[in-house]
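Student: Need a 3D model of the sequence below.
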Amino acid sequence: MRAAAELLKEDFEIASDVWSVTSFNELARDGQHVDRWNRLHPDDSPKKAYITECLEKQQGPVVSSTDYMKLFSEQVRAFIPQTFVTLGTDGYGRSDTREKLRSHFEVDRYHVAVTALSALAQDGEVKKDVVLEAMRKYGIDRNKTNPVLS
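Tutor: Just a heads-up that it's a prediction; the model follows:
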């Protein structure tokens, strides 16, 4: 999300790229096709999935945020060379607007930014205190019931 990227830039001086995925299904099919080809052609140079080629020279973690179930973007996990975190709208929402839905399921700009910072902390690129600072700044309650369970 561009809004999350702006938060990271403005509040934490962290640059990020925003990529749009038109079809996780097609990216997964491509990766599976490449896996099959590589498996059946061990004597040839291995091929790479399109998504792998796109991301392999990028730095930092990859955060996928979707208004669909997490499983939707999880299908490309095997082809992402970086730390990969998925956010999605699993469970039942009781939201009357898309903004409230995204907040409820923790896929809004604030949660995406905190998730990116958390992944950076996991990779040792930022201190864990930065994640806590962002949660305070954006009013994220880390003790809130998991939306999947509510």
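
Student: mind listing what's buried in the helix ranked longest in the chain?
Tutor: Taking DSSP state H as the criterion, the chain has its longest helix at helix 24-40. Along helix 24-40, these residues count as buried under the neighbour rule (16 or more other CB atoms under 10 Å): 24, 27-28, 30-31, 34. Where you see a C-beta, it was placed from the backbone N, CA and C, and this is true even at glycine.

Student: cool, stretch 41-53 as well?
Tutor: 48-49, 51-52.

Student: same deal with stretch 129-143?
Tutor: Neighbour counts over stretch 129-143 (16+ other CB under 10 Å) mark 130-135, 140 as buried.

Student: ok, back up a step: just the ones in helices from the buried residues of stretch 41-53, please.
Tutor: Short answer: these in helices (DSSP H) are 51-52.

Student: Out of the buried residues of stretch 41-53, flag the one nearest to Thr97.
Tutor: Ile51 (31.6 Å; CB to CB).

Student: residues contacting the closest one?
Tutor: For Ile51, the contacting residues are 27, 30-31, 76, 79-80, by CB atoms under 8 Å, 6 or more residues apart in numbering.

Student: same deal with Arg102?
Tutor: Counting by CB under 8 Å, 6+ apart, Arg102 touches 67, 89, 108.

Student: among those residues, which ones are buried?
Tutor: Members of those classed as buried by 16+ other CB under 10 Å are 89, 108.

Student: Which pLDDT value does the model give the residue nearest to Ala28 when sequence neighbours are not counted?
Tutor: Once flanking residues are discounted, Ala28 sits nearest to Gln75: 4.1 Å by CB to CB, 6 or more residues apart in numbering. pLDDT for Gln75: 96.
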